[in-house]
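Student: From the sequence below, what's the structure:
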Amino acid sequence: MTIGVLGGMGPEATAYFFARLVESDKASCDQDHLRIVVECDPSIPDRTAFLEGRGEDPLPAMTAAAARLATAGAGIAGISCMTAHAFLPRLRAATAMPFLSAFDTLAARIARDYSGARRVGVLATTGSRHARLYEDNLPGFEVLWPPQEEQETLVMEAIYGRNGIKAGNRGEYPRALLAQAARSLRESGAELIVAGCTEVPLALSRADVDIPYIDPMTVLAEALVAAARAG
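Tutor: Numbers count the residues shown, from 1 in each chain. Predicted structure coming up:
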């Protein structure tokens with residue numbers, strides 16, 4: 001079965017997710033790998049801006065991208081943007097393309113590997129925070145966010161800032177900001193940290209976090225490969 005990637009949100013995060021798919025698909029040669037179709041449309045309106053009431057609805061562009069994936073032969077798909085999952089229920093209603101949810105696969109992974117954890121620290125966009133994506137999709141867990149000031153000056157600055165990840169910087173500046181936010185969450189009682197925006201693992205690695213650290217995009221990639229192989 002061909003895997004579809006609804007990407008472009010942003011382009012580097014899409015490339016990162018594609019790499020996770022290839023890494024998850026264990027094959028002995030090129031020809032044994034699954035076919036993957038990537039729809040990378042960076043013109044899709046910003047998800048956080050819309051969720052904060054200051055931007056265009058991205059759903060029409062996402063729906064059009066999903067239709068292109070289906071036309072290209074994708075039989076199952078994933079979205080390479082956590083914040084964009086706020087639109088997944090509406091997207092599923094607007095298209096016949098089956099989409100796996102990164103939140104469903106994340107919840108299953110936490111339950112499997114960290115069954116004793118109850119307090120989850122999230123490094124994600126303010127749009128995801130306003131949409132209550134983690135609270136609504138991780139039932140049974142206490143979701144911890146950085147204090148509002150740190151959310152803006154550390155997390156959002158690392159992602160959207162002039163020297164942030166979406167500006168093409170993966171180096172010390174965004175890494176240090178995100179590491180500081182992760183330490184703050186640990187001090188507030190978080191038992192594990194979720195890289196809750198697809199850009200976060202572009203700068204922040206496991207070595208920067210001294211408690212368990214989960215990348216939902218890696219988990220989603222593994223689930224998509226397993227589903228495609230089974231299909």
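
Student: what sits against the residue nearest the centre of the chain?
Tutor: Taking C-alpha atoms, centre = their mean, the centroid of the chain lies closest to Met82, which sits 3.4 Å from it. Applying C-beta atoms under 8 Å, 6 or more residues apart in numbering, we find Met82 in contact with 102, 124-125, 128, 133, 196-198, 216-217. Bear in mind the C-beta positions are built from the backbone N, C-alpha and C, glycine included.

Student: one more time with 7 Å
Tutor: 102, 124, 128, 196-198, 216 (C-beta atoms under 7 Å, 6 or more residues apart in numbering).

Student: Just those: which are in strands?
Tutor: Among the contacts of Met82, no member is found in strands (DSSP state E).

Student: Going by distance to Ala66, which of those wins?
Tutor: Ala102 (15.6 Å; C-beta to C-beta).

Student: I figured the closest one hits Thr218, correct?
Tutor: No: assessed by C-beta atoms under 7 Å, Ala102 is found out of contact with Thr218, at 10.0 Å.

Student: more crowded one of those two?
Tutor: Ala102 (28 against 20; other C-beta atoms under 10 Å).

Student: distance of Asp210 from Ala77?
Tutor: Shown here: Asp210 relative to Ala77, a distance of 35 Å by C-beta to C-beta, to the nearest Å.

Student: mind giving me the domain split of the protein?
Tutor: 3-102+218-230, 103-215 (automatic domain parsing).

Student: can I get these in a markdown table with mean pLDDT?
Tutor: Putting these into a markdown table (pLDDT from 0 to 100) gives the following:
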| stretch | mean pLDDT |
| --- | --- |
| domain 3-102+218-230 | 93 |
| domain 103-215 | 91 |
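
Student: which secondary structure element contains the closest residue to Tyr16 other than its chain neighbours?
Tutor: Closest residue to Tyr16 apart from its sequence neighbours, by C-beta to C-beta, 6 or more residues apart in numbering: Leu202 at 5.9 Å. Taking DSSP states H and E as the definition, one finds Leu202 inside helix 200-203.

Student: I would like the residues contacting the helix or strand just after that helix, please.
Tutor: Next helix or strand after helix 200-203 toward the C-terminus (DSSP H and E): strand 213-214. Residues outside strand 213-214 that contact it (C-beta under 7 Å, 6+ apart): 106, 109, 192-195, 206.

Student: Partner strands of strand 213-214 and their direction?
Tutor: In the sheet, strand 213-214 lines up against strand 192-195 (parallel) (DSSP bridges).

Student: CA atoms only for the strand it pairs with, dumped as PDB, please.
Tutor: The C-alpha coordinates for strand 192-195 follow below in PDB (Å, rounded to 0.1, in the frame of the first residue of the first chain):
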ATOM      1  CA  LEU A 192       8.100  12.800  30.100                       C
ATOM      2  CA  ILE A 193       8.400  15.400  27.400                       C
ATOM      3  CA  VAL A 194       6.600  15.300  24.100                       C
ATOM      4  CA  ALA A 195       8.000  17.000  21.000                       C
END
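
Student: For Val22, see how far away Ser28 is.
Tutor: 14 Å.

Student: make that Thr14, sorry
Tutor: 13 Å.

Student: out of these two, which sits in the more crowded spot?
Tutor: Thr14 (23 against 14).

Student: Leaving out sequence neighbours, find the closest residue to the more buried one.
Tutor: Among residues not flanking Thr14 along the chain, Gly7 sits closest, at 3.1 Å (C-beta to C-beta, 6+ apart).

Student: In contact with the one you found, which residues are there?
Tutor: Contacts of Gly7 (C-beta under 7 Å, 6+ apart): 14, 17, 38-40, 80.
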